[in-house]
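Trainee: This is the structure alone, sequence omitted:
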């Protein structure tokens, strides 16, 4: 599991170990070491393993400066490329390679949801900040690095992942729940923009589903079937934490708040209306598909 020391990697790794798997974390700081760009001794762990789950990539929770955007691009593309090289040279390659991707690849839209078959890839929407297109380009090149890998004996899946809601520190739910408890979790810039999300327990179950299913390859949306407008998501979260008040924020107020939190307003303002077409079609059943239930469970933990 390259990138297994991040927020998602920590809870996913624990769940897979609890399920009886032998998980090897590959990272810059713990487990088996790598630099995320070049082949090394770490590649021996790929040879003979059953599956690779590559989660590596610089966190998007930062200011979207040119330097940070370039780091996001390079860390994702380079790691996917070199994982592909490790699989290609393996004497006994893994059966499957699950490659993290992002629901941000889809267009900012309100009119209809994006599934894998009919969804619109973003980058050309009118009336959005120009740098949002670079986020889409990152996602496209991330997936292209996996597509171009010479790994004919390994099934490849791109995990187009929505916001993963987990109670652990440092994740998006941690930030949103603190805002709700402080009474500042109201609509942002009107709150019409859709938020696509997935509960961490369903994320783990979806990963296990994709590991088992030998007939599924290509892009798969990891998202609840029920995305909802930002104002409604925050209302449900306020109800879960017992806060009746949620002060609204204008776009310029969101800019100030994002600057103070060293984050970016794209995470708040882009309408990510994404649904899990392929998972549902293939019979995957969500345990917590509704936000009100998911929020209560997360707050309870």
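Mentor: Thanks, I have the structure now. Keep in mind that what you see is a predicted model, and the values were worked out from it rather than measured.
Trainee: Tell me where this protein has strands.
Mentor: Per DSSP state E, the chain carries strands over the ranges 26-27, 32-33, 51-54, 96-102, 155-161, 163-165, 194-195, 197-199, 218-222, 228-229.
Trainee: Name the residues of stretch 140-154 that come out as buried.
Mentor: 142-143, 145-146, 149, 151, 154 (16 or more other Cβ atoms under 10 Å). (Each C-beta comes from the backbone N, C-alpha and C, glycine too.)
Trainee: Endpoints of that stretch, how far apart?
Mentor: Terminal residues of stretch 140-154 lie 21 Å apart, using Cα to Cα, to the nearest Å.
Trainee: contact partners of that stretch?
Mentor: Stretch 140-154 is contacted by residues 52, 57, 73, 76-77, 80-81, 83-85, 87-88, 93-97, 99-102, 105, 121, 123, 156, 158, 219 when judged by Cβ atoms under 8 Å, 6 or more residues apart in numbering.
Trainee: Repeat that for stretch 44-59.
Mentor: Contacts of stretch 44-59 (Cβ under 8 Å, 6+ apart): 1-4, 6, 8-9, 12, 24, 26-27, 32, 36, 68, 71-72, 75-76, 79-80, 83, 86-87, 89-100, 142, 154, 207, 211.
Trainee: State the mean pLDDT of it.
Mentor: Averaged over stretch 44-59, pLDDT sits at 95.
Trainee: show me what contacts residue 226?
Mentor: Neighbouring residues of residue 226 by Cβ under 8 Å, 6+ apart: 289-291.
Trainee: quick revisit: now, the buried residues of stretch 140-154 that are in helices?
Mentor: 142-143, 145-146 (DSSP state H).
Trainee: Redo those as CSV? Include distance to residue 187 and pLDDT.
Mentor: Below are these laid out as CSV (distance: Cβ to Cβ, whole Å; pLDDT from 0 to 100):
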residue, distance to residue 187, pLDDT
142, 31, 96
143, 33, 98
145, 37, 98
146, 37, 98
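Trainee: Using TSV, please lay out those together with distance to residue 19.
Mentor: Shown next, in TSV, are these (distance: Cβ to Cβ, whole Å):
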residue	distance to residue 19
142	27
143	27
145	29
146	25
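Trainee: Name the nearest of these relative to residue 16.
Mentor: Among those, residue 146 lies closest to residue 16 (Cβ to Cβ), at 20.6 Å.
Trainee: what ranges do the helices span in the stretch 201-301 of the chain?
Mentor: Here the stretch 201-301 of the chain has its helices, by DSSP state H, counting those that start in this stretch, at 230-241, 251-260, 266-269, 277-281, 291-300.
Trainee: on that earlier part again, ok, of the contacts of stretch 140-154, which come out buried?
Mentor: Among these, the ones that count as buried by 16+ other Cβ under 10 Å are 52, 57, 73, 76-77, 80-81, 83-85, 87, 93-94, 96-97, 99-102, 105, 123, 156, 158, 219.
Trainee: and the most centrally placed residue in the chain, how far is that from residue 201?
Mentor: Ranked by distance to the mean C-alpha position of the chain (Cα atoms, centre = their mean), the top residue is residue 161 at 3.7 Å. Distance, residue 161 to residue 201, by Cβ to Cβ, to the nearest Å: 15 Å.
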